[in-house]
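> A predicted structure for the sequence below; I have some questions about it.
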Amino acid sequence: MSKSPDKLTSKLIELLEKDPGQTVKQLAEQLSMNRTFLAGYLKALENQGYVRSKKIGPAKVYFENSKRVS
């Protein structure tokens, strides 16, 4: 059984496809969303394989995971 991404997941993936390497702060500002909630949500998406993150200096940036298996 394959779960389809919900609306927020789809929007995040779309934002990361258009502009990869965004921080939680940048994504939260674009979505008018709480950064703490979004950070936890992104961590869950990373665990599920939808996004990946990379630490660059003090910042953690996120990318759409084009290598995920559909």
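Nice, thanks for sending it over. Residues are numbered from 1 along each chain as shown.

> name the helices or strands packed onto the longest helix seen in the chain?
Using DSSP state H, we find that the single longest helix of the chain is helix 35-48. Helix 35-48 sits against helix 7-18, helix 24-31, strand 51-56, with contacts defined as 3 or more C-beta pairs under 8 Å, 6 or more residues apart in numbering; DSSP states H and E. For glycine as for every other residue, the C-beta is placed from the backbone atoms N, C-alpha and C.

> if you set the cut-off to 6 Å instead, what comes out?
helix 24-31 (3 or more C-beta pairs under 6 Å, 6 or more residues apart in numbering; DSSP states H and E).

> tell me the angle the helix it packs on makes with strand 51-56.
Angle of helix 24-31 versus strand 51-56, following axes from the mean of the first three to the mean of the last three C-alpha atoms, to 10 degrees, is 130 degrees.

> And helix 24-31, how far out from the chain middle?
10 Å (C-alpha atoms, centre = their mean, to the nearest Å).

> Can you give me the end-to-end span of stretch 17-25?
One end of stretch 17-25 to the other measures 17 Å (C-alpha to C-alpha, to the nearest Å).

> Stretch 14-28 now?
This stretch, stretch 14-28, spans 14 Å end to end (C-alpha to C-alpha).

> contact partners of that stretch?
Here stretch 14-28 makes contact (C-beta atoms under 6 Å, 6 or more residues apart in numbering) with 35, 38-39, 59, 61-64.

> What separation is there between residue 40 and residue 31?
To residue 31, residue 40 is 14 Å away according to C-beta to C-beta, to the nearest Å.

> ugh, typo on my part, it should be residue 41
10 Å.

> Look at the two and report which has more neighbours.
Neighbours per residue (other C-beta atoms under 10 Å) separate residue 41 from residue 31, with residue 41 holding more: 18 against 13.

> For burial, what's the neighbour tally of the closest residue to that one other than its chain neighbours?
In this structure, residue 41 finds its nearest non-sequential neighbour in residue 8, 7.0 Å apart by C-beta to C-beta, 6 or more residues apart in numbering. Counted with other C-beta under 10 Å, residues neighbouring residue 8 total 13.
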